[in-house]
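> For reference, the sequence and a predicted model appear below.
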Amino acid sequence: MRFGSGFLTDAASFPDAVAGEPWGGESRLLDLPGGPFHVIGLSARQAGLMDREYASVLVEGPSAGCVPHETAVWRVEPGYFRELELEGWTYTLDLEATAERLRIAALHFAALVPRADGAAAGMWTSVEDRWFQGVIENYLRVMVAHRLLLRGGLLLHSAGTVVDGSAFLFVGASGAGKSTVARKALAAGAPVLSDDLNAVVDTAGSPAVARLPFTGELRDQHAFDGTVPLAGIAVLGKGDAVSCEALGRAEAAAAIVATAPYINRGADDLEGLMAAAVALAERVPVARLTSARSSSFDEIERAVRGLQREP
């Protein structure tokens, strides 16, 4: 199947250059891991949606010596995209990564991201209403993953909780129990970073977790902001009771790769992804954590505390 054919009415028309008609003259600068990201060409309505959703990460200007990655938002007619039956549909997208460029085709948008240093990206969309909220978030998720990897960081599909000032990430496939662990943490009074995506960054030579404004089922219920030292990663599994078994570094790195969305699909990113995963597995303990639905967060917390390495 041709790239983009599931979303575009004419896959052959996918843009081959960053050019088009902007929606308007508004722009927003977002201080996100891997960024900052400068989004230009917005209509007033699109900018207003970003103001509401990303107020915590909007900034007036980048830090000294920090060059934002720029994306121009271009207008296309609604007929450019296929009308999809969304009932029962699980969100997905087409992603093609090469050494020269990144192409994205998805619900209501397409994007072209040149890999050259300083090159601006382009995103084409037909919406500026409530659908734009999903468009810009799904685009930024991909961009954070790819730009973060360039700096040795990783975006991980995970639930992140804070215990005594340290972060623990709970990773696993869909249905493994990430949101369940996050709910238990909230009920127990433990701060939650996200129950969907968390950014692992380097802070003064040590891995840390930076909270993102991308949340899953627990949107608007999170109680923690900022960057927190990363103490351990737990690969979730189901069992009759709580148990925690340390993984060897090869198995730990493979688990990290498997839970890194958007960058574990293309061969051109695989080398960097593997290097980042191995480095993280060497610096942070990774274990397989099994628990039952009835297991309390206190039990889970006691298990993951055992992962913490002595300074």
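Looks like it came in fine.

> show me the contacts for Gly152.
202, 276, 279 (C-beta atoms under 8 Å, 6 or more residues apart in numbering). Heads up, the C-betas are built off the backbone N, CA and C, glycines and all.

> any idea how far Leu273 is from Val144?
14 Å (C-beta to C-beta, to the nearest Å).

> In strands, which of the contacts of Gly152 appear?
Within the contacts of Gly152, residues falling in strands by DSSP state E are Asp202.

> Closest one to Gly65 out of the contacts of Gly152, please.
For those, the residue nearest Gly65 by C-beta to C-beta is Asp202; the value is 16.9 Å.

> The closest one touches Leu148, doesn't it?
No - using C-beta atoms under 8 Å, Asp202 makes no contact with Leu148, being 10.2 Å away.

> Return the per-residue confidence for the spatially most central residue of the chain.
A centroid search over the chain (C-alpha atoms, centre = their mean) returns Arg141, at 4.4 Å, as the residue closest to the centre. Note on Arg141: pLDDT of 95.

> was I right about it contacting Ala199?
No - with contacts counted by C-beta under 8 Å, Arg141 stays clear of Ala199, the gap being 10.5 Å.

> Name the residues contacting each of those two.
Leu155.

> what about Val144 and Leu273, which has more around it?
Val144 (24 against 20; other C-beta atoms under 10 Å).

> could I get the contacts of Gly152 as TSV with neighbour count?
Shown next, in TSV, are the contacts of Gly152 (neighbours: other C-beta atoms under 10 Å):
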residue	neighbour count
Asp202	14
Ala276	24
Ala279	16
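
> which residues touch Val171?
156-158, 178, 233-236, 255-256, 259.

> could I get these as JSON lines with distance to Ala121, secondary structure and pLDDT?
Listed next are these as JSON lines, based on distance: C-beta to C-beta, whole Å; DSSP: H, G, I helix; E, B strand; the rest coil; pLDDT from 0 to 100:
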{"residue": "Leu156", "distance to Ala121": "23", "secondary structure": "strand", "pLDDT": "94"}
{"residue": "His157", "distance to Ala121": "23", "secondary structure": "strand", "pLDDT": "92"}
{"residue": "Ser158", "distance to Ala121": "26", "secondary structure": "strand", "pLDDT": "92"}
{"residue": "Lys178", "distance to Ala121": "30", "secondary structure": "helix", "pLDDT": "89"}
{"residue": "Ile233", "distance to Ala121": "31", "secondary structure": "strand", "pLDDT": "95"}
{"residue": "Ala234", "distance to Ala121": "35", "secondary structure": "strand", "pLDDT": "94"}
{"residue": "Val235", "distance to Ala121": "33", "secondary structure": "strand", "pLDDT": "94"}
{"residue": "Leu236", "distance to Ala121": "34", "secondary structure": "strand", "pLDDT": "92"}
{"residue": "Ala255", "distance to Ala121": "31", "secondary structure": "helix", "pLDDT": "93"}
{"residue": "Ile256", "distance to Ala121": "27", "secondary structure": "helix", "pLDDT": "94"}
{"residue": "Thr259", "distance to Ala121": "25", "secondary structure": "coil", "pLDDT": "92"}
